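Colleague: Let's see this in three dimensions:
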Amino acid sequence: MITIDSDAQVFIYNKAIDMRKSIDGLSLLVVEGMRLDPQTKGLYLFRNKATDKFKAVFWDGDGFMLMYKRREMGSFKFPKDVDGDYYEIDADLFNWLRKGFDFYALKRHPELKTSRYY
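Modeller: As a prediction, the model looks like this:
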């Protein structure tokens, strides 16, 4: 099981990419497309157009690691209409995303006000 630190930042590139890219091409996208440093503590996530595959690259102190996931059925639920070249989520949301959970479809219960105190 691959896990990332709970305090790690996850940066998602906001455009579909050519999934033939590997560590060098993805690291270059981090620098040129996202204007970030790929050697900082973070995971940089990239998706294909169909959103059924993603690749992630991260620096683990002495080299880059590449993660690749392909959904056999369905797709990943990435946010739509996000401005900018990338956006950030936390490690918990990334874990939900990679398992196929649509956390943006969740609805919050309305805030409750009560006058009954026991």
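Colleague: can you list contacts of stretch 59-69?
Modeller: The contact list for stretch 59-69, computed with CB atoms under 8 Å, 6 or more residues apart in numbering, reads 2, 22-23, 26-27, 38-41, 43, 53-58, 98. Placement of C-beta: from N, CA and C, glycine included.
Colleague: and with 10 Å instead?
Modeller: With contacts defined as CB atoms under 10 Å, 6 or more residues apart in numbering, stretch 59-69 is touched by 2, 4, 19, 21-24, 26-27, 30, 37-45, 47, 52-58, 76, 97-100.
Colleague: Could you pick out the buried ones from the residues you listed?
Modeller: Buried members of the contacts of stretch 59-69, scored by 16 or more other CB atoms under 10 Å, are 4, 19, 21, 26-27, 30, 38, 42-45, 47, 53-58, 76, 97-98.
Colleague: Sitting in helices, which of these do you find?
Modeller: L26, S27, V30, L97, R98 (DSSP state H).
Colleague: Tell me which two in these are the farthest apart.
Modeller: Greatest spatial distance in these: S27 and L97, 21.3 Å, computed using CB to CB.
Colleague: Give me the phi and psi for the closest residue to S22 other than its chain neighbours.
Modeller: Counting by CB to CB, 6 or more residues apart in numbering, S22 lies nearest to L66, which is 6.5 Å off, once chain neighbours are set aside. Dihedral angles of L66 (phi, psi; degrees, to the nearest 10) stand at phi -120, psi 130.
Colleague: Look up the residues forming beta bridges with L66.
Modeller: V57 (DSSP bridges).
Colleague: show me where the chain has strands.
Modeller: 9-16, 42-47, 53-59, 64-70, 86-90 (DSSP state E).
Colleague: Need the residues that contact the shortest one.
Modeller: Put plainly, it is strand 86-90. 6-15, 29-30, 33-36, 42-46, 78-79, 96-97, 103.
Colleague: what do you get if the cut-off is 8 Å, keeping everything else the same?
Modeller: Contact with strand 86-90 is made by Q9, V10, F11, I12, Y13, N14, G33, M34, L36, P79, L97, as judged by CB under 8 Å, 6+ apart.
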